[in-house]
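Colleague: Based on what follows, work out the 3D shape:
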Amino acid sequence: MGFYERAILPRLIHAGMRQQRFLPYRQRLVSQAVGRVLEVGFGSGLNVPLYAASTSLIGLEPSPRALSMARLPASQATYPVTLLEGSGEDIPLGSQSVDTVVVAWTLCSIPDVMRALQEIRRVLRPSGRLLFVEHGRSRDVRVARWQDRLTPLWKTFTGGCHLNRPVDRLLERSGFRIERMHAEYMAGPRPLTFMYEGRARPA
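Modeller: All right, here's what the predicted structure looks like:
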């Protein structure tokens, strides 16, 4: 991992993701989280203020710099927060040990996304839920073609972010049953802004 990815990119992601337009998505997502919660791709801890006081939260994040940024909001939470350095492909928790997994604009940048989803399924209790808001592959063929063209360049300076991952199909292929999902564009360039929002359970 070079200096850009290690030191600069986490701050750029923090600045970009704290925009007000993302807040309604975060609020809807986090309001559904219950019990022992694992947030994969914790980043700088932007979701911490949104969880209920009854939550027990585990934040999993591969970037040491992002985790360092997350320590302040974690220390101010009114519920217990545990920070773990690690990736979604190898979650350091026991099987069937969490009630809710939250992913917010995370699946796009995990190198082996199928392995990560299988790990998420492993740590979820049978009655648990995966809550997700992700950008991904558009259902408009013309936009999807642009996503395919742009992704090789885009991911080189965005920490491996893919514009063209079909979130719904990835969930189903990895053993999840989608209970509810809403997919639409948010404001902005269409190749970057097709959003999948919903919840799924282990099939």
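Colleague: ok, which stretches of the protein are helices?
Modeller: Using DSSP state H, the helices of the chain run over residues 3, 9-17, 23-30, 64-75, 113-123, 141-154, 167-173.
Colleague: which of those is buried the deepest?
Modeller: Comparing the helices of the chain by mean neighbour count (mean count of other CB atoms under 10 Å), helix 113-123 comes out on top with a mean of 20. C-beta here means a position set from N, CA and C on the backbone, and glycine is covered the same way.
Colleague: Next, the contact list for Arg199, please.
Modeller: Contacts for Arg199 (CB atoms under 8 Å, 6 or more residues apart in numbering) come out as Gln32, Arg129, Leu130, Leu131, Phe132, Ile178, Glu179, Arg180, Met181.
Colleague: One more: Gly45?
Modeller: Gly45 neighbours (CB under 8 Å, 6+ apart): Gly59, Met69, Ala70, Arg71, Leu72, Pro73, Ala74.
Colleague: Repeat the analysis, applying 10 Å as the threshold.
Modeller: Going by CB atoms under 10 Å, 6 or more residues apart in numbering, Gly45 touches 14, 39, 57, 59, 61, 66-67, 69-77, 81, 83.
Colleague: ok, the residue lying closest to it once chain neighbours are set aside to His14 distance?
Modeller: Excluding its sequence neighbours, the residue lying closest to Gly45 (CB to CB, 6 or more residues apart in numbering) is Ala70, at 3.4 Å. The gap separating Ala70 from His14 is 10 Å, by CB to CB, to the nearest Å.
Colleague: Need the overlap of contacts for those two.
Modeller: Common neighbours of Ala70 and His14 (CB under 10 Å, 6+ apart) are Gly43, Ser44, Gly45, Leu46.
Colleague: contacting residues for the last one?
Modeller: In other words, Leu46. Residues in contact with Leu46, defined by CB under 10 Å, 6+ apart, are Ile13, His14, Met17, Arg18, Phe22, Leu23, Arg26, Met69, Ala70, Pro73, Ala104.
Colleague: can I get these in a markdown table with distance to Leu50 and pLDDT?
Modeller: Listed next are those as a markdown table, based on distance: CB to CB, whole Å; pLDDT from 0 to 100:
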| residue | distance to Leu50 | pLDDT |
| --- | --- | --- |
| Ile13 | 18 | 94 |
| His14 | 16 | 94 |
| Met17 | 13 | 94 |
| Arg18 | 12 | 94 |
| Phe22 | 11 | 97 |
| Leu23 | 9 | 97 |
| Arg26 | 6 | 97 |
| Met69 | 17 | 97 |
| Ala70 | 14 | 98 |
| Pro73 | 10 | 97 |
| Ala104 | 10 | 98 |
